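>>> Build me a model from this:
(4 chains)
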Number of protein chains: 2
Amino acid sequence: MSVPCICTTLRSASRRMIAFYDETIAPVGVNIAQFSLMRSIARVEPVTLTALGRRVELDRSTVGRNVRVLEKMGLVELGRGEDQREATVTLTEAGHKVLEDGAPLWDGAQKSLEDRLGVEFMRQLHTALDSL
Amino acid sequence: MSVPCICTTLRSASRRMIAFYDETIAPVGVNIAQFSLMRSIARVEPVTLTALGRRVELDRSTVGRNVRVLEKMGLVELGRGEDQREATVTLTEAGHKVLEDGAPLWDGAQKSLEDRLGVEFMRQLHTALDSL
DNA sequence: TCTCGTAACGGGCATATACCCGCAACCCAT
DNA sequence: ATGGGTTGCGGGTATATGCCCGTTACGAGA
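All right, here's what the predicted structure looks like:
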């Protein structure tokens, strides 16, 4: 075989990395998808589900559902925008705290990867993945 | 920020690539996860769920469920091994046909990526991802 | 041979993710 | 102001994925 399927490789690597980050971030009570989404919310809150979905490149319905899980956990609040159709999301205090507490854990994971792989390698990998 | 989070980047790239390959392989009626799993099965059939799971680095229960979907689609058959605990999987004729029909589509996707990104780049990316 | 530890499943539970449909709110042009 | 196209959601449906628990089958040692 010439080049192994990049999709399979990518999915596999993604699962491994998710497991690694999930474990890393677990102490604050969320998984990496939730933590990542909350970080996105923090940057633009209050934000509508559709806008958030576009930002994180996820289907709107996916964002809606994931956000509702966070709402049950008390980490975000849902409200209505001026446009009555819009559902807006904002982080609660607890949500902000999770981000704060999780940041060093996240950084630690990042650091441990950098130590193992090298900053330059990771930078290149990041650029490569973004080009896909 | 120094290096952007490789996990987020990876998850995002993975979703995009899955979407791309799903679309590519759709004409034969399966998604890329199913196609990929079937290819793995083809290489070692008959195989037990646990062995297959180890091979593709997926939880045994995940493999079991995914295989059952394929079974409902008539693409694989489940049986019992000598060890009565073991559930063995084999591809049906229809399953083999899907692999045959899907191969050129899969190759086409691979080729189109190679054209866009270059073989060398993809080789390196593959190596990089495997090292994660 | 009987027992106990281990291995393989199946099912339950939860999240992530996408697509589609239908409803309600909005907005623009007539 | 009203009718029609557009936009934003929620819910339904389906797959992918992981973890945990209970059951059953095996196998090795007493």
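
>>> which intervals of chain A have sub-threshold pLDDT?
For chain A, applying pLDDT under 70 flags the ranges A:1-3.

>>> For it, give the helix that spans the most residues.
Across chain A, the longest stretch assigned as helix under DSSP state H is helix A:93-117.

>>> What segments of chain A are strands?
For chain A, applying DSSP state E gives strands covering A:47-48, A:76-80, A:87-91.

>>> can you put these in TSV and add mean neighbour count?
Every residue, glycine included, has its C-beta placed from N, CA and C. Supplementary listing: the strands of chain A in TSV, determined by neighbours: other CB atoms under 10 Å in any protein chain shown:
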stretch	mean neighbour count
strand A:47-48	20
strand A:76-80	15
strand A:87-91	20
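
>>> Quickly note the distance from the most centrally placed residue in chain A to A:A94.
Nearest residue to the geometric centre of chain A (CA atoms, centre = their mean): A:S36, 1.9 Å. Going from A:S36 to A:A94 by CB to CB, to the nearest Å gives 17 Å.

>>> got it, and A:A33?
Distance, A:A33 to A:A94, by CB to CB: 18 Å.

>>> need the residues of chain A near DNA strand D, please.
Contact residues, chain A versus DNA strand D (CB under 7 Å from any atom of the strand): A:11, A:15, A:19, A:48-51, A:60-61, A:64, A:78, A:81, A:83, A:85-88.

>>> Can you select the buried ones among these for me in ChimeraX?
In ChimeraX, this line selects whichever of these come out buried by 16 or more other CB atoms under 10 Å in any protein chain shown:
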select /A:11,15,48,49,51,64,87,88
